[in-house]
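In: Mind folding the following:
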Amino acid sequence: MQDKFTAFENRLAKVYKHIGKIARKQQLACFRVYDVDLPEFPFIIDVYKDLVYVAEYKSKHKLSEEEYELWLTTSLEIIQKVFGVEKENVFLKLRERQKGEQQYSKLKQEKKELIVDENGLSFIVNLSDYLDTGLFLDHRLTRKMVKEMSDGKRVLNLFAYTGSFSVYAASGNAKKVTTVDLSKTYINWAKRNLTYNKLYDDTKHEFVQEDVLQYLKTISLASYDLIILDPPTFSNSKKMEDIFDIQRDHVSIINQCLNILDGNGILIFSTNYRGFELEKDKLLSQKIKDITKQTTPFDFEGKLKRKCFRIEK
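Out: The predicted model follows:
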């Protein structure tokens, strides 16, 4: 067992040195360091300034309760040592490998919030209270792409979570930004993100707390120039009228988005479902480009579990 811990420490130290160097050069405050690099240590480890976020994937280990506690304690001590942080600056979450809306579940109420910078913009993250922190690091380059595409455009951000795409669109001088999410908590978080960046303008920025699937039915044709669609893999929220399954329902929701795009409009569609297959022949577009590779940040190379597509009207 000790050999395994040594291997984990060596791996973590080596990767952190390499990725940390690139992150400093790019002036990034938050980045991924480790993503189940060794099967015996099923962690995802991210840096947020001087704090460390650790997500442990629940695995079918054969350890007794005592052995597991020793394994976890020793692993966390190694993480503290490698990153040079105190115990209270490491935030541990347990992730289940299952379907559901778990990504948005409330865990605690410590409200350990901090502001992190990314590409000249600032975002409020919370490492203590939720399974996810408020900023999906794997979409760093996608967000930058959205900013570059937003000048003078009417932008719709669906399943918006904490509105990071909306912040980038607003900073890219979008003519209009509509942010839609089912959660009141995340709609308010999105407003706070825009406000913190001194971008919030109630004449240009609209926030809608609603079921995206129902909301899309209310939008008239040619209403938007750019749509960001990053839905959950699966959702059976009690607030939603229908159960949502990305593989089964992606054709319907993508075509709904294409219908409300203006003539030369663009849809950025992303999914985290590993086995996802895009049914191109059923979509109302011939201009479909897989942009997964060009939207993959350096710290996610070889680790990315999502797919991303640019679909033109």
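In: Now do the least confident helix or strand in the chain by mean pLDDT: distance to the chain's middle.
Out: Across the helices and strands of the chain, mean confidence by mean pLDDT, DSSP states H and E is lowest for strand 234-235: a mean of 77. Chain-centre distance of strand 234-235: 15 Å, with Cα atoms, centre = their mean, to the nearest Å.
In: by contact count, what packs against that strand?
Out: Contact here means 3 or more Cβ pairs under 8 Å, 6 or more residues apart in numbering; DSSP states H and E; on that basis strand 234-235 packs against strand 244-245. Glycine gets a C-beta too; all of them are placed from N, C-alpha and C.
In: Report the distance from the strand it packs on to the chain centre.
Out: Worked out by Cα atoms, centre = their mean, strand 244-245 lies 18 Å from the chain centre.
In: Quick one: residues in contact with the next helix or strand after that strand.
Out: Using DSSP states H and E, the helix or strand that follows strand 244-245 towards the C-terminus is helix 246-259. Residues outside helix 246-259 that contact it (Cβ atoms under 8 Å, 6 or more residues apart in numbering) are 156, 158, 212-213, 216-217, 221, 227, 229, 231-234, 265, 267, 269, 271, 273, 275-279, 282-285, 311, 313.
In: Same check on stretch 263-277?
Out: Identification of contacts with stretch 263-277 by Cβ under 8 Å, 6+ apart yields 139, 142, 145-146, 149, 222, 224-233, 246-247, 250, 254, 257-258, 261, 291, 305-313.
In: go again using 6 Å as the cut-off
Out: 225-230, 233, 246, 257, 305-309, 311-313 (Cβ atoms under 6 Å, 6 or more residues apart in numbering).
In: Quick one: list the elements packing against the lengthiest helix in the chain.
Out: Assignment by DSSP state H gives helix 2-25 as the longest helix of the chain. Helix 2-25 sits against strand 30-35, helix 65-83, with contacts defined as 3 or more Cβ pairs under 6 Å, 6 or more residues apart in numbering; DSSP states H and E.
In: Same list (these) but as a markdown table, adding mean pLDDT.
Out: Output for those, formatted as a markdown table (pLDDT from 0 to 100):
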| stretch | mean pLDDT |
| --- | --- |
| strand 30-35 | 97 |
| helix 65-83 | 96 |
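In: Of all those, which one is nearest Phe8?
Out: Across the helices and strands packed on helix 2-25, Phe8 has its closest neighbour in helix 65-83 (6.0 Å, Cβ to Cβ).
In: Dig out what Phe234 forms beta bridges with.
Out: Per DSSP bridges, the residues bridged to Phe234 are Asp245.
In: Please tell me how far it sits from Thr162.
Out: Noted for Phe234: a distance of 20 Å to Thr162, by Cβ to Cβ, to the nearest Å.
In: ok, now Gly265?
Out: 25 Å.
In: who's more crowded, those two?
Out: Legend: neighbour count by other Cβ atoms under 10 Å for Gly265 and Thr162, higher for Thr162 (29 against 21).
In: The more buried one contacts Tyr186, doesn't it?
Out: Yes - with contact defined as Cβ atoms under 6 Å, Thr162 and Tyr186 form a contacting pair (5.4 Å).
In: Following the chain past the longest strand along the chain, name the next helix or strand.
Out: Taking DSSP state E as the criterion, the chain has its longest strand at strand 261-271. Later in the chain than strand 261-271, the nearest helix or strand by DSSP H and E is strand 287-290.
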